[in-house]
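Novice: I'll drop the sequence and a predicted model, then ask my questions.
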There are 2 protein chains.
Amino acid sequence: MPNTRIREDELIERIRRRIPSRPGGALRLGIGDDAAILRPSQGAEWVLSCDQFLEGVHFLTAVHPPEVVGYKALARATSDLAAMGARPRLFLLSLVLPAVRAGIWLEKMTSGMARAARRFSLTLAGGDTARSVSRRASVALNLTVLGEIATGHAVSRAGARAGDAIFASGRLGSAELGLQLVLRGIHRERRWRSLLVPHYCPELAIELGRWLAGSRLASAMMDLSDGLSTDLSRLCRASRVGARIDEKEIPAVSVPGELRARGLSSRALALHGGEDYGLLFTVSKRHVPSIPRVFGGQRVTCIGEIVPGRSVKLVAADGGTSPLMPQGWDHFRRSG
Amino acid sequence: MPNTRIREDELIERIRRRIPSRPGGALRLGIGDDAAILRPSQGAEWVLSCDQFLEGVHFLTAVHPPEVVGYKALARATSDLAAMGARPRLFLLSLVLPAVRAGIWLEKMTSGMARAARRFSLTLAGGDTARSVSRRASVALNLTVLGEIATGHAVSRAGARAGDAIFASGRLGSAELGLQLVLRGIHRERRWRSLLVPHYCPELAIELGRWLAGSRLASAMMDLSDGLSTDLSRLCRASRVGARIDEKEIPAVSVPGELRARGLSSRALALHGGEDYGLLFTVSKRHVPSIPRVFGGQRVTCIGEIVPGRSVKLVAADGGTSPLMPQGWDHFRRSG
């Protein structure tokens, strides 16, 4: 059997040829040595996160084209940089690859990832690959992303205060609607094709995050990755506050009548659907007039208010309130 | 079925309680937000690497105690920082965990990792966890490690020049000898217990690496992770040089007679055995007298010389030379 490590070098070379990886700027030394070397800018801090993207958990190879897998794996991780207000810079890719995926599937996956890297201005700085010969093995990607931000400007989840307005960017539930089409096996029908885009190729709110952090307008911020109900409860827990959300203000995805008839509700998708990757942020009352209604083509909507206490409530159109419980998001296994 | 994401929060809390993760120093914001925030020291660069540690590829749960898995996963990744001369600072842990490993196995694994973190002065800054419900799923760890080094001091693989002396630290083949006991199923015999230590809990050469980088004595450096023959060929390729290694100078592991009789050769272990995690480095002739023979209890040995050309040759005790081909190291599947 040929030597795995030598084959690994070849695999890395194939990935490196496709994905932007040339040293320059912050990256002094890239792929090929024991480690990469980063030179920080004066007056900047680094923001750092990692995210896994696993076959059978986050994607299904039978359904999701390899380009989508590559694009989404990197987009998802990069959204955590947007959530802090940072400027994406570098990433590392760890990859477990069954032998059966090492050919054309890998080429297409890295193409999709290269597209995300160019779009988000990220350079591949290193990584690790392992080929698995097991027939039962599945693809696993781990993305470590690094961004830069002016010292002291990063926005955490913990700064929301009672009285702050709560904003969300984008249309909530759009990605979940696409996922539901996939789960129902109707995603190949031509008429629904445009509804798949937010699930396949999510938009990130990088520029909005950078603007909010740079202008110091947001008191707390995070990305909408696991659904409004789950993410808002996390923001409130981190900030030790409660929230009231106005149901009629939520910028919910619109669902075609035929899909509504199949049980897809705009309200449930918007409240609990994950993977939208817009931003959820809070703004003190006096700064609210500074927040635009549209930023970079994405709508920015005030959906409620931070309140004292610890509970998160939903105010219905008729004025009645009910607790908004985190019903987060469990990828391909729906929560009960 | 309960919600995976909420359970994930609990899992993270359990890991965080065990492994050093308190913000401070370079780490401004740690686990619990969208991303961690690092504040670089004045005049320092960051060194960054990631490494996977996979069940069935890098360890076997039937053989390797969970404490060993946790310790070794982090040690292995950290060795890449030592290889550049950097001071370890922070790490991220991505974890795929089958449900059956989420109890006592996880507790012990994180204990082992906590021990490595304390030993190498690393703080856990974040990560990602996924629980797998599949019975066929295996444990996968991905460690991203970050270290700091004075700007311009990191030592790459690419600086070796003809005439430089080649050094190795530690005793080569020690870890491979332990692995061979495991593969032969005789690792539980009491008399071999001490031979397992280098395989279970490798020493790193962090202080030696920092000293070599700080004093600018090494022209090229890397860690010995995949075996001398493979690693030296990589150093030579990166530096565009060749090498001559003196077989009699190699500080090879000593193999008890009974194990030699079972086919374990000190020479083969030292030339091709992986996971020793000493350093392989080159030093220009005029600096050779500055290199101590022992550093921090580890021997430091001159094993040969960089030569023009691109071939790597082994000079035997009788003066005969032969090409030293990379026969690297393929974990549990031996190379042919």
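Specialist: Yes, it's here. Since the structure is predicted, the reported quantities are computational estimates derived from the model, not experimental observations.

Novice: Find me the pLDDT at the spatially most central residue of chain A, would you?
Specialist: Central residue of chain A (Cα atoms, centre = their mean): residue A:76, 3.4 Å from the mean position. Residue A:76 carries a pLDDT value of 96.

Novice: what's the neighbour count on residue A:202?
Specialist: 23 (other Cβ atoms under 10 Å in any protein chain shown). In this view, the C-beta of every residue, glycine as well, is placed from N, C-alpha and C.

Novice: My error: substitute residue A:205 in the last question.
Specialist: In terms of burial, residue A:205 registers 28 neighbours under the definition other Cβ under 10 Å.

Novice: quick revisit: not counting sequence-adjacent ones, nearest residue to the residue nearest to the centre of chain A?
Specialist: Leaving aside its chain neighbours, residue A:76 sits nearest to residue A:51 (5.4 Å; criterion: Cβ to Cβ, 6 or more residues apart in numbering or on different chains).

Novice: So which elements touch the one helix or strand the one you found maps to?
Specialist: Using DSSP states H and E, residue A:51 falls within strand A:44-54. Helices and strands touching strand A:44-54, by 3 or more Cβ pairs under 8 Å, 6 or more residues apart in numbering or on different chains; DSSP states H and E, are helix A:66-82, strand A:140-150, strand B:36-38, strand B:87-98, strand B:123-132, strand B:140-150.

Novice: Compare the mean pLDDT across those and name the weakest.
Specialist: strand B:123-132 (a mean of 90).

Novice: Note down every partner strand of that strand and its orientation.
Specialist: With DSSP bridges as the test, strand B:123-132 is paired with strand B:87-98 (parallel).

Novice: angle of the partner strand against strand A:140-150?
Specialist: With axes from the mean of the first three to the mean of the last three Cα atoms, to 10 degrees applied, the angle from strand B:87-98 to strand A:140-150 works out at 140 degrees.

Novice: Off-centre distance for strand B:87-98?
Specialist: Computed by Cα atoms, centre = their mean, to the nearest Å, the separation of strand B:87-98 from the middle of its chain amounts to 15 Å.

Novice: mind checking how far the nearest residue to residue A:137 once chain neighbours are set aside is from residue B:300?
Specialist: Nearest residue to residue A:137, sequence neighbours excluded (Cβ to Cβ, 6+ apart): residue A:98, at 4.1 Å. Computed as Cβ to Cβ, to the nearest Å, the residue A:98 to residue B:300 distance reads 42 Å.

Novice: Also residue A:197?
Specialist: For residue A:197, the distance to residue B:300 equals 59 Å [Cβ to Cβ].

Novice: sorry, back to before: quick check: can you name the pairing partners of the strand holding residue A:51 and their directions?
Specialist: Applying DSSP bridges, strand A:44-54 is found paired with strand A:140-150 (antiparallel), strand B:36-38 (antiparallel).

Novice: In TSV, list those along with mean neighbour count and distance to residue B:262.
Specialist: Shown next, in TSV, are the strands paired with strand A:44-54 (neighbours: other Cβ atoms under 10 Å in any protein chain shown; distance: least, Cβ to Cβ, whole Å):
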stretch	mean neighbour count	distance to residue B:262
strand A:140-150	27	37
strand B:36-38	26	48
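
Novice: Kindly state which of these is positioned closest to residue B:171.
Specialist: Closest approach to residue B:171 among the strands paired with strand A:44-54 is made by strand A:140-150 (33.1 Å; Cβ to Cβ).

Novice: pLDDT of the next helix-or-strand element following that closest one, averaged?
Specialist: Using DSSP H and E, the helix or strand that directly follows strand A:140-150 along the chain is strand A:165-169. For strand A:165-169, mean pLDDT rounds to 98.

Novice: Is the following helix or strand past strand A:165-169 positioned near chain B?
Specialist: Toward the C-terminal end, the helix or strand that comes next after strand A:165-169 (DSSP H and E) is helix A:174-183. No: Helix A:174-183 stays clear of chain B (Cβ under 8 Å from any Cβ of the partner chain), getting no nearer than 13.9 Å.

Novice: residues making contact with helix A:174-183?
Specialist: A:60, A:63-64, A:187, A:192, A:195-200, A:202, A:227, A:253, A:255, A:259, A:264, A:269, A:272-277, A:329, A:332 (Cβ atoms under 8 Å, 6 or more residues apart in numbering or on different chains).

Novice: Can you tell me which helices and strands the helix or strand just after that helix packs against?
Specialist: Next helix or strand after helix A:174-183 toward the C-terminus (DSSP H and E): helix A:193-200. For helix A:193-200, the packing partners by 3+ Cβ pairs under 8 Å, 6+ apart come out as helix A:66-82, helix A:174-183.

Novice: Highest mean neighbour count out of these?
Specialist: Mean neighbours per residue, mean count of other Cβ atoms under 10 Å in any protein chain shown, is largest over those for helix A:66-82, with a mean of 26.

Novice: quick one: that helix to helix A:193-200, angle?
Specialist: Using the same axes, to 10 degrees: helix A:66-82 against helix A:193-200 is 60 degrees.

Novice: Any idea what residue A:44 is bridged to?
Specialist: Residues in a beta bridge with residue A:44, per DSSP bridges, are residue A:150.

Novice: Kindly tell me how buried residue A:63 is, as a neighbour count.
Specialist: Residues near residue A:63, counting by other Cβ under 10 Å, number 14.

Novice: Give me the pLDDT value at it.
Specialist: pLDDT for residue A:63: 89.

Novice: who are the neighbours in contact with it?
Specialist: Residue A:63 makes contacts with A:182, A:187, as judged by Cβ under 8 Å, 6+ apart.

Novice: Off-centre distance for the helix or strand containing residue A:209?
Specialist: Using DSSP H and E, residue A:209 sits within helix A:206-214. Here helix A:206-214 is found 15 Å from its chain centre; the criterion is Cα atoms, centre = their mean.

Novice: Provide the contact partners of it at residue level.
Specialist: With contacts defined as Cβ under 8 Å, 6+ apart, helix A:206-214 is touched by A:78, A:81-88, A:120, A:149-150, A:153-155, A:169, A:218, A:221, A:279, A:281, A:295-296, A:298, A:300.

Novice: can you tell me which residues contact the closest residue to residue A:115 other than its chain neighbours?
Specialist: Leaving aside its chain neighbours, residue A:115 sits nearest to residue A:71 (5.8 Å; criterion: Cβ to Cβ, 6+ apart). Each residue near residue A:71 by Cβ under 8 Å, 6+ apart is listed here: A:112-113, A:115-116, A:200-201.

Novice: Ok, residue A:14 next?
Specialist: Residues counted as contacts of residue A:14 (Cβ under 8 Å, 6+ apart) are A:106-107, A:110.

Novice: These: which ones sit near chain B?
Specialist: Checked against chain B using Cβ under 8 Å from any Cβ, the contacts of residue A:14 give no members in range.

Novice: For ChimeraX, what selects the buried ones among those?
Specialist: To isolate the buried ones among the contacts of residue A:14 in ChimeraX, judged by 16 or more other Cβ atoms under 10 Å in any protein chain shown, type:
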select /A:106,110
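
Novice: Helices - which of the contacts of residue A:14 land there?
Specialist: Counted as lying in helices by DSSP state H, out of these, are A:106-107, A:110.
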